[in-house]
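Q: heads up, no residue letters with this:
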């Protein structure tokens, strides 16, 4: 990874922002306005309404009537979020493409900053930054960029495998159009982790960049978030990540030995997280034998060495006897390590 000083745009690139919407008509005006508030870019917005019963399409059509940069595609029947994403993305004509959920927001000039990096580094297919969560009102964002990070894609992918997870939330991601269409868009087999799949596929072929410093997206947290409803639960998330890595190694990059060699690294990371979740479930309210056992079963299936590892033996002893063998110091070390990792990821993105 290398750091680079930010540069101003030398031309006016075109960026297409696709906003999928289902029953989020109340959020649409703010989302569209945030996407258009980008200096130095030629922005077009396509709202794709997935047959929302709340009248979202009427809100979208009113926005389109008031601004020629906004267009609307309305599904006659509900097609689900993956098809909605793909229907919008296939119509993107910009040099760069963004998928922005209707309940999220882009800070002013977030796309300008991200595309500035990609214009300066043609090998970069994906750019992201820090996405901050909010509930009622997003934080004010400064335009000041500390620097840019650029990773060789497979180096970034290796970091992701070692952590066993994705570093992006989603609304902060900007993709080069050529890179996007190399991925064949969202995979319907991965309704929970389609974004993660796309980032991994891109990193296997393209470099990855990050805008360091300012907030690059506002992620809205509310009761109807998909990760809190249709795909809730840490075990569901772990299973989806394992499936995503399997598809990467078996299909996406099966011809890239450097990538395939990361399978045991990713599986071990997922298993370790599952064992940690098992211990947390034991300590938390509402713990059940079945829940803890499910995490351990996942760890055993994912990484056969988990049962022989110190962590695996200690976790089983905790569940069977209600105690851990002199692990207070190690557990404290684990918490400290996770905090340090969080702080590093907040600043540098990995």
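A: Noted; the coordinates are in hand. Here the structure is a predicted model, which is why all the values come from computation and not from measurement.
Q: what ranges do the helices span in the chain?
A: 28-36, 56-66, 81-89, 110-120, 153-163, 177-182, 194-203, 234-247, 257-260, 263-283, 289-302, 310-321, 328-348 (DSSP state H).
Q: any chance of TSV for those helices, columns distance to residue 21?
A: From N, CA and C alone the C-beta is placed, and that goes for glycine too. TSV is the format used below for those (distance: least, CB to CB, whole Å):
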stretch	distance to residue 21
helix 28-36	6
helix 56-66	5
helix 81-89	8
helix 110-120	19
helix 153-163	29
helix 177-182	20
helix 194-203	17
helix 234-247	23
helix 257-260	35
helix 263-283	33
helix 289-302	34
helix 310-321	43
helix 328-348	30
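Q: those: which one's closest to residue 136?
A: helix 28-36 (12.0 Å; CB to CB).
Q: circling back: will you turn the helices of the chain into a markdown table that also has mean pLDDT?
A: Listed next are the helices of the chain as a markdown table, based on pLDDT from 0 to 100:
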| stretch | mean pLDDT |
| --- | --- |
| helix 28-36 | 98 |
| helix 56-66 | 98 |
| helix 81-89 | 98 |
| helix 110-120 | 98 |
| helix 153-163 | 97 |
| helix 177-182 | 96 |
| helix 194-203 | 96 |
| helix 234-247 | 97 |
| helix 257-260 | 96 |
| helix 263-283 | 87 |
| helix 289-302 | 86 |
| helix 310-321 | 58 |
| helix 328-348 | 56 |
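Q: out of the ones you listed, which is closest to residue 146?
A: helix 328-348 (8.8 Å).
Q: next up, the contacts around the residue lying closest to residue 61 once chain neighbours are set aside.
A: Nearest residue to residue 61, sequence neighbours excluded (CB to CB, 6 or more residues apart in numbering): residue 72, at 5.4 Å. Contact analysis of residue 72 by CB atoms under 8 Å, 6 or more residues apart in numbering lists 46, 47, 48, 49, 57, 60, 61, 63, 64.
Q: just the buried members of those?
A: Buried members of these, scored by 16 or more other CB atoms under 10 Å, are 46, 47, 48, 49, 57, 60, 61, 63, 64.
Q: for residue 113, state which of those is nearest.
A: Looking across the buried ones among the contacts of residue 72 and measuring by CB to CB, the closest to residue 113 is residue 46, at 22.1 Å.
Q: what distance do you get for that closest one to residue 268?
A: Remark: distance between residue 46 and residue 268 (CB to CB, to the nearest Å) = 41 Å.
Q: mind checking the helices of the chain for the one nearest to residue 4?
A: helix 110-120 (7.2 Å).
Q: how much does the closest one deviate in direction from helix 28-36?
A: Orientation check (axes from the mean of the first three to the mean of the last three CA atoms, to 10 degrees): helix 110-120 against helix 28-36 gives 30 degrees.
Q: show me how far helix 110-120 is from its chain's centre.
A: How far helix 110-120 lies from its chain's middle: 19 Å, per CA atoms, centre = their mean, to the nearest Å.
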